[in-house]
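*Asks:* whatever this is, show me its structure:
(chains A and B)
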Amino acid sequence: MNLVEIRQLSLWRGQQEVLRVPSLDIRKGEILAIIGPNGAGKSTLLLALAGLIQPHRGDIYFAGRSLMEWKGLDYRRQIALVLQEPLLFDRTVIDNVILGLRFRGLKKETAIQSAREWLERLGITHLDRRRALSLSGGEAQRVSLARAFVLRPQLLLLDEPFSSLDPPTRLALLQDLRSLLKQHQFTAAFVTHHLGEAAFLGDRIAVLGEGEVKQVGSLEQIQEQPQDSNVADFIRHLTTTEAIYYK
Amino acid sequence: MDRELSEVVQITLLSLQISGAATIISLLIGLPLGTFLALSNFMGRNSLLSLVNTGMGLPPVVVGLAVAMILWRSGPLGNLNLIYTPTAIVIAQVIIAAPVVTGLTAAALQSLDPRLRLQLLGLGASRWQMVGELWREARLPLLAALMAGFGSVISEIGASMMVGGNIRYQTRVLTTAIVLETSKGNFDVAIQLSLLLLALTFSVNYALTRIQQRGVRR
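*Replies:* Predicted structure coming up:
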């Protein structure tokens, strides 16, 4: 069953079409990894899925209803967005994690109780009273994930959340993220430009290039039967560079 | 002596009331307007921002002249009989302080990472909740804007003199009283009033700074 269906989506910036998605689905409980070179439109797609960019043409359907039928705020409260930088606020860790719950009108005590569960799952209970802006990159990104998970969103949108972390921290976070996503059966769209991350996290991989979805499938399908020479070149390039990077 | 003391107290309280009211009204105008200018994108936004920034340096005597002409008995709002009243001084001071608060509010919010807005909306904030969180995040420069607004009016003299008239027990404030005593050669009284003005300004700013610096990272 599809949670999200994108149909004939077209996004423009000024006079230029920056993203064209004829058709793309995200199944309930699935992790869709979105991969592509810089400027391919990955983050734009994620912001459109978050309802923060209005499409010029086409539509996104969430739980069977067009986003145009959803009230903006109602829809945004079905999702949670994690961006490249943790973007924490100048207050304690626990106050950052309860932020979205407080927006939804939850009492502080109830929100803190839920937040503590996720701090524990992400191994950062000991940081709860620390000032968020004093955390290391890895700790801050864990807080950012806890802030999104605590909302138990129907759709979790992750925009290259580990891109600024060093490889060991990134690997530890990836493993934790994967186990939490699977354990709690979250539906997620995960943007990355690392093939390894996409393969590790994604049930399917969507390859974006030049503002359009080139191919969707498993890593094997994309590697063995690339849609066109652009996809083949891109995947070959990533495979080579990542092999060097992680050596 | 007692009478002189009570007059000084009356002048001090009136100064505080007038400048306090002008600062609060300026905040009520400047905070939403500055927020709108910082967060929205419309044609003419830069021109409006330039106008506000120019307003931050408005000479009080020019404001005094304009307000006096409008409130003068033969002026467009002359029938309101506001000239030479504390209300007239408040109006003039709002015109001086509001651009300061507006301009510094816009600058404070524009200095925040623009992705914070996306992050807040992506966590389910309504537009108002988003603005509230951005104000909270920019609380240090916003309180500085408030202090600058208060500072610009408590110390001004030109507009207060021109639209207030420095009428004893009615519109005499600390700055106009200092000018009057200096012109009469009463330097000792002028110095005492000046010290009082400085103490008053320091006390208000000290209180605001305490609020501002509460919980600041060191």
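
*Asks:* contacting residues around residue 58?
*Replies:* The chain I'm using is chain A. Neighbour list for residue A:58: A:6-10, A:21 [criterion: C-beta atoms under 8 Å, 6 or more residues apart in numbering or on different chains]. C-beta coordinates here come from the backbone N, C-alpha and C atoms, glycine included.

*Asks:* hm, I was asking about chain B
*Replies:* Residue B:58 sits next to B:95-96, B:99 when contact means C-beta under 8 Å, 6+ apart.

*Asks:* just give me the closest of those residues to chain A.
*Replies:* Nearest to chain A among the contacts of residue B:58, counting by C-beta to the nearest C-beta, is residue B:99 at 27.7 Å.

*Asks:* and the residue lying closest to that closest one once chain neighbours are set aside, how far from chain A?
*Replies:* Using C-beta to C-beta, 6 or more residues apart in numbering or on different chains and skipping the chain neighbours, the partner closest in space to residue B:99 is residue B:55 (2.9 Å). In this structure, residue B:55 and chain A are 30 Å apart, going by C-beta to the nearest C-beta, to the nearest Å.

*Asks:* for stretch B:104-118, the averaged confidence score.
*Replies:* Averaging pLDDT along stretch B:104-118 gives 97.

*Asks:* what about the strands in chain B?
*Replies:* Secondary structure of chain B (DSSP state E): no strands located.

*Asks:* what residues does it have near chain A?
*Replies:* Chain B comes close to chain A at residues B:113, B:115-116, B:118-126, B:129, B:133, B:136-137, B:217, as judged by C-beta under 8 Å from any C-beta of the partner chain.

*Asks:* selection in ChimeraX covering whichever of those residues are buried, please.
*Replies:* Under the burial definition 16 or more other C-beta atoms under 10 Å in any protein chain shown, those of the residues of chain B next to chain A that qualify are selected in ChimeraX by:
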select /B:116,118,119,120,121,122,123,124,125,129,133,137
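
*Asks:* narrow the residues of chain B next to chain A to those in helices?
*Replies:* Per DSSP state H, helices hold the following members of these: B:115-116, B:118-122, B:129, B:133, B:136-137.

*Asks:* nearest spatial neighbour of the residue in chain B positioned nearest to chain A, skipping sequence neighbours?
*Replies:* As assessed by C-beta to the nearest C-beta, chain A sits closest to residue B:122 within chain B, at 2.7 Å. Nearest non-adjacent residue to residue B:122, counting by C-beta to C-beta, 6+ apart: residue A:81, 2.7 Å away.

*Asks:* and for residue A:228?
*Replies:* Going by C-beta to C-beta, 6+ apart, residue A:228 has residue A:214 as its nearest residue, at 6.8 Å.

*Asks:* sec struct for that neighbour, please.
*Replies:* strand (DSSP: H, G, I helix; E, B strand; the rest coil).

*Asks:* now do the contacts for it.
*Replies:* Residue A:214 neighbours (C-beta under 8 Å, 6+ apart): A:36, A:207-208, A:227-228, A:230-231.
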